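> output the structure for:
(one chain, ligands or ions: 1)
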Amino acid sequence: MRQHTTARAHIARMAPYTLAEFAIPAGQRLISLAQNESLRAPSPRVARAISNHVSQLAQYPDPEWKELRKALSQLHDIDQQSILCGVGSMEIIQCIAHAWLDASATVVTTQYAYAFINTVARYTDANIEHVEEDAFTVSIDNIIAAADENTTMVFLANPGNPTGTRIPRAEIRRLRNNIDPDTLLVIDEAYAEFSDQCDDYLFDLTGSTQTVILRTFSKAYGLAGLRVGWGAFEASIAEQVRKLLNPNNISLLSQVAATACVQDQAYMLETCRQTAYLRDALINNVKGVGLEPPASQTNFVLLPFESAEAASRVDAQLRQQGMVMRSMAGYRLPHCLRLTIVNQRDMDFVQENLLSAIAEEC
Ligand SMILES: Cc1ncc(COP(=O)(O)O)c(C=O)c1O
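Model prediction:
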């Protein structure tokens with residue numbers, strides 16, 4: 001008898017991952033505030049690096065991402081062998097999940113975890129437990145209390161998405177020391193560049209413990225369109241995850257662009273500086289009209305409204321003028337909207353409209 005003529009039952013049951021809904025009235029210019037992309041184009045070195053490599057496009061890309069790994073290992077003082085690169089950090093999260101999770105596995109994550117971890121738990125059929133946060137901030141105590149010897153993986157984004165809040169890296173070390181040494185700890189640092197200077201890196205943990213640190217070029221480096229992420233892994237974990245990454249995953253142009261970005265730290269740091277300036281101004285302004293956003297250490301701000309209805313009215317009003325924020329209903333935060341920091345000119349327009357929409361609610 002034929003088997004598996006349809007998708008597996010848990011795949012058929014699951015809802016697809018939902019990205020932002022970008023419908024706006026005809027004739028409006030779209031201002032995307034929904035995907036946490038950078039407020040400016042990547043370093044000018046990217047365009048030069050890409051044009052210098054066009055003649056090589058007949059060949060497959062380097063499957064070992066040698067130049068990119070070399071640049072990353074020099075920047076972060078980590079062993080090149082511990083680095084794996086992916087088509088965005090999403091590909092890496094997906095491959096870690098396929099390697100580690102099945103229906104008998106349990107993932108412990110945070111109350112407002114990055115939505116993609118819910119998706120990969122669903123398609124691997126793993127159980128997932130969301131641990132309560134403390135005022136939109138991860139509680140390490142709560143995670144330690146929830147994780148036991150049956151926990152396969154603890155997944156945590158720091159800073160968090162959609163909250164934007166950050167816990168000190170010493171807290172992550174405390175977590176590592178207080179969970180089972182065999183539990184895989186995945187720390188997603190997609191937004192780390194926006195606050196890297198706050199304390200020491202965690203990469204040393206990946207040398208000696210079952211810990212993975214993930215990073216991306218999609219945020220502070222402004223390379224979301226080329227899809228490059230990377231992670232630092234302990235050798236035996238890297239060995240398994242590598243089997244599941246597509247052998248020629250990252251295009252040649254994406255690899256040279258990401259390498260050029262690493263080599264222009266000054267440009268990336270200036271992006272972070274501009275972002276922080278505009279973000280903190282926005283936070284002050286919305287506080288002035290009665291909102292209480294959590295303290296963001298990222299390139300976005302979570303805006304909590306009085307009710308889901310108020311949030312959806314403000315959302316609709318901005319959308320009428322082409323500004324698209326991210327609804328938070330999928331994060332069980334229907335009274336919130338998430339807003340990405342964009343360039344100064346667009347930000348002025350956004351703030352003017354946002355503040356008047358909020359004022360109408362009061
Ligand atoms: C916390 C977090 N992790 C990972 C990603 C995905 O990044 P990438 O573009 O590298 O796949 C995002 C994107 O928004 C994110 O917010």
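
> tell me the residue of this protein that sits nearest the ligand?
For the chain and the ligand, the shortest gap (C-beta to the nearest ligand atom) falls at G88, measuring 2.5 Å. All C-beta atoms are positioned from the backbone trio N, CA, C, and that covers glycine.

> what does this structure have sitting close to the ligand?
Residues of the chain that fall close to the ligand, judged by C-beta under 6 Å from any ligand atom: 36, 88-90, 114, 157, 161, 188, 190, 216, 218, 224, 229.

> surely T216 is in contact with G231?
No. The pair T216 and G231 does not pass the contact test of C-beta atoms under 8 Å, sitting 9.6 Å apart.

> just to revisit the earlier point, Provide a PyMOL selection command restricted to the buried entries of the residues of the chain next to the ligand.
Command for PyMOL that selects the buried part of the residues of the chain next to the ligand, burial taken from 16 or more other C-beta atoms under 10 Å:
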select buried, resi 36+88+89+90+114+157+161+188+190+216+218+224+229
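
> among the residues of the chain next to the ligand, name the ones in strands.
When strands are assigned by DSSP state E, the members of the residues of the chain next to the ligand inside them are A157, D188, T216, G229.

> max pairwise distance over those residues: which two?
Maximum pairwise distance among these (C-beta to C-beta): 12.9 Å, between A157 and G229.

> who touches both of the two?
The contact sets of A157 and G229 overlap at A190 (C-beta atoms under 8 Å, 6 or more residues apart in numbering).

> about what we covered before: the ones in strands among the residues of the chain next to the ligand into CSV, with extra columns for pLDDT?
Conversion of those to CSV gives the following (pLDDT from 0 to 100):
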residue, pLDDT
A157, 98
D188, 98
T216, 98
G229, 98
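
> hey, what's in contact with both of T216 and G231?
With C-beta under 8 Å, 6+ apart, T216 and G231 have common neighbours S89.

> pull out the buried positions in the longest helix along the chain.
Residue-count comparison of every helix in the chain, with assignments taken from DSSP state H, identifies helix 265-288 as the longest. By neighbour count on 16+ other C-beta under 10 Å, the buried set for helix 265-288 is Y267, M268, T271, C272, Q274, T275, A276, L278, R279, L282, I283, V286.

> show me the contacts for the last one.
For V286, the contacting residues are P293, V301, L303, L354, L355, I358, by C-beta under 8 Å, 6+ apart.

> and if you look at the first one?
Y267 sits next to P42, S43, P44, R45, C261 when contact means C-beta under 8 Å, 6+ apart.

> which ones among the residues you listed lie within helices?
Mapping the contacts of Y267 onto helices (DSSP H) picks out P44, R45, C261.

> where's the residue nearest to the last one when sequence neighbours are not counted relative to L75, distance?
I take that to be C261. Once its chain neighbours are removed from consideration, C261 has its nearest residue in Y221; the separation is 4.3 Å (C-beta to C-beta, 6 or more residues apart in numbering). When C-beta to C-beta, to the nearest Å is the yardstick, Y221 and L75 sit 12 Å from each other.

> which of these two has more neighbours?
In this view Y221 and L75 are compared by other C-beta atoms under 10 Å, and Y221 has more residues nearby, 26 against 11.

> what about the strands in the chain?
Taking DSSP E to define them, one finds strands in the chain at 31-33, 83-86, 106-110, 127-131, 153-157, 184-188, 211-216, 229-232, 300-304, 323-327, 336-340.

> how is this protein divided into domains?
Per the record, the chain has its domains at 25-41+266-361, 44-263, by automatic domain parsing.

> of these, give the one that comes closest to A9.
Closest approach to A9 among these (C-beta to C-beta): domain 44-263, 8.9 Å.

> now the end-to-end length of the closest one.
Taking C-alpha to C-alpha, to the nearest Å, domain 44-263 runs 11 Å from one end to the other.

> give me the distance from that domain to the chain's centre.
For domain 44-263, the distance from its own C-alpha centre to the chain's C-alpha centre is 9 Å (C-alpha atoms, centre = their mean, to the nearest Å).

> span of stretch 222-230 from start to end?
When the termini of stretch 222-230 are compared using C-alpha to C-alpha, they are 15 Å apart.

> what lies in contact with that stretch?
Applying C-beta under 8 Å, 6+ apart, the set of residues contacting stretch 222-230 from outside is 35, 37-38, 40-43, 46, 68, 72, 83-92, 190, 214-218, 250-251, 253-255, 257-258, 261, 271.

> what's around T5, how many residues?
6.

> narrow the contacts of Y267 to just the buried residues.
Judged by 16+ other C-beta under 10 Å, buried ones among the contacts of Y267: P42, S43, R45, C261.

> can you add distance to A58 and pLDDT and give those back as JSON lines?
Formatted as JSON lines, those follow (distance: C-beta to C-beta, whole Å; pLDDT from 0 to 100):
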{"residue": "P42", "distance to A58": "25", "pLDDT": "98"}
{"residue": "S43", "distance to A58": "26", "pLDDT": "98"}
{"residue": "R45", "distance to A58": "24", "pLDDT": "98"}
{"residue": "C261", "distance to A58": "25", "pLDDT": "98"}
